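1. No sequence on hand, only this structure:
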């Protein structure tokens, strides 16, 4: 039954000329930056911030801090069903992939895929299923199988021929820390990832990513003002090169400064005991327009789209597939 659907990967260059397509699945975060009268300057500013942060961290043999530039691609993954019909293909997820260009040597090296992870099925779970379950229960409630299907589809993709043909290492998904949790600084310090923070109380997001086969660790890199959450499969500290880790930090810290300036562009660094807050007023704003209200609204719209074009036509088949799918141990 696992062979009744396959995965198809397409890519779109993410640069200052990027423009969202009207007829393809484009991650809200990318599209949000590429709208309006000043869209090109918006994108140029974001890409400049990414390169500067990368060179700041990759400072060895780089006295002018301009040796490297990152080349970004939006990786779109569609699931293709064998059964014929109008909804034979569904846009499953999107991430950013990174290539690192060394301007000194002309060499390009592969970064880590997974940045800016976006998923219609996750939107369906968090923006449709979770509110419906809570409303029915008269208070916050999580469905018993919450995240099961999404997690198995994600792990199946990582183990697929389509993924292995294109990517040589497992993805890392780097996101903001939770505003509902308290993080405590440890004595552990990594030369690239920085100082490690811990929190003992798993969030719903932690559990959701856990069903995707991903563990989590929290690090605050040198020069950062708040820890980032790194979700990974395997060994975060040993499976990647220094430049690969820096590529993820440079890219995702930049996006978080745009999305969550209250946390990641704060004017003071996180304390030893730290609870992030979006109510913080002591922060700087980037010169990059980003519409958080639109992001939230589109998450609900995209969740409804997943219900209409994935759950309705393929839900019964996927439920049967998921019931027999052996979740890999990773």
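-> Nice, thanks for sending it over. Nothing here was measured: the structure is a model prediction, and the numbers come from that model.
2. So, low pLDDT: which residues of the stretch 151-300 of the chain?
-> The stretch 151-300 of the chain contains residues with pLDDT under 70 at 290-296.
3. Strands of that one, start to end?
-> Here the stretch 151-300 of the chain has its strands, by DSSP state E, counting those that start in this stretch, at 172-176, 183-190, 194-198, 215-220, 228-232, 273-274.
4. Distance to residue 283 added to these, as TSV?
-> All C-beta spots, glycine's among them, are computed from the backbone N, C-alpha and C. Output for the strands of the stretch 151-300 of the chain, formatted as TSV (distance: least, C-beta to C-beta, whole Å):
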stretch	distance to residue 283
strand 172-176	14
strand 183-190	18
strand 194-198	19
strand 215-220	16
strand 228-232	16
strand 273-274	15
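5. got the phi/psi numbers for the residue nearest to residue 5 when sequence neighbours are not counted?
-> Using C-beta to C-beta, 6 or more residues apart in numbering and skipping the chain neighbours, the partner closest in space to residue 5 is residue 81 (4.8 Å). Main-chain dihedrals, residue 81, degrees, to the nearest 10: phi -90, psi 140.
6. Report the mean confidence score over the one helix or strand residue 70 maps to.
-> Using DSSP states H and E, residue 70 sits in strand 68-81. The average pLDDT within strand 68-81 is 95.
7. Can you list the strands that it pairs with?
-> The strands beside strand 68-81 in its sheet (DSSP bridges) come out as strand 5-14 (antiparallel), strand 89-102 (antiparallel).
8. What residues sit buried inside it?
-> By neighbour count on 16 or more other C-beta atoms under 10 Å, the buried set for strand 68-81 is 68, 69, 70, 72, 73, 74, 75, 76, 77, 78, 79, 81.
9. Then stretch 120-140?
-> Under 16+ other C-beta under 10 Å, the buried positions of stretch 120-140 are 120, 121, 122, 123, 124, 125, 126, 127, 128, 129, 130.
10. For it, give me every contacting residue.
-> By C-beta atoms under 8 Å, 6 or more residues apart in numbering, the surrounding residues in contact with stretch 120-140 are 25, 90-93, 141-143, 146-147, 149-150, 153, 208, 299-300, 302-307, 310-311.
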